[in-house]
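Student: just a sequence and a predicted model for now, questions to come.
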Amino acid sequence: KSAYADVARSSSCNVPLPPTDALRVAASAWDAAAASVDPASVAAAARVARPLLSAVVRNEEAICLPPLPAFETAALATADALAS
C-alpha cells in the first residue's frame with residue numbers, strides 16, 4: 001500500500017479492464033485451480049493479496065497504474081509480500 005502512497009492519480013494511466021463476462025470466466029478458472037491447492041495456502045495468499053489489491057485505484061471499467069518508477073516499486077513490494 002505504501003508503494004502507491006506518493007502516486008498522484010493525475011499522473012497515472014487508466015488501463016481498461018476486460019468485459020465482465022471475461023472476468024467471471026477468469027474467476028471461475030481461479031476457483032477451480034484453487035480447489036486443488038492446500039486451503040491454508042490459498043487463505044494465506046488471500047490475506048496478503050487483499051490489502052495489496054485494495055491499494056490499487058480502480059473502477060468498474062479501468063485500473064489505474066502508476067508511472068513506471070512507482071509501478072516498479074509497487075510491483076516489487078507486491079512480489080515481496082506474496083513471497084513472505
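Tutor: Noted; the coordinates are in hand.
Student: only C-alpha atoms for contact and neighbour calcs from this point on.
Tutor: Noted.
Student: buried ones in the helix or strand hosting Ala81, by neighbour count?
Tutor: Using DSSP states H and E, Ala81 sits in helix 68-83. By neighbour count with 16 or more other CA atoms under 10 Å, helix 68-83 contains the buried residues Ala70, Phe71, Ala74, Ala77, Thr78.
Student: which of the residues you listed sits closest to Val56?
Tutor: Closest to Val56 out of the buried residues of helix 68-83 is Ala74 (9.7 Å), distances taken as CA to CA.
Student: tell me which element Cys64 is part of?
Tutor: With DSSP H and E as criterion, Cys64 is part of strand 62-65.
Student: let's have the buried residues of helix 68-83 in CSV, adding distance to Thr20 and pLDDT.
Tutor: Converted to CSV, the buried residues of helix 68-83 look like this (distance: CA to CA, whole Å; pLDDT from 0 to 100):
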residue, distance to Thr20, pLDDT
Ala70, 28, 75
Phe71, 25, 76
Ala74, 26, 76
Ala77, 28, 78
Thr78, 25, 76
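Student: tell me which of these is nearest to Ser28?
Tutor: Looking across those and measuring by CA to CA, the closest to Ser28 is Thr78, at 23.3 Å.
Student: pretty sure that closest one contacts Pro51?
Tutor: No: using CA atoms under 8 Å, Thr78 is not in contact with Pro51; the gap is 10.1 Å.
Student: where in the chain is pLDDT low?
Tutor: Where the chain drops to pLDDT under 70, the residues are 1-13.
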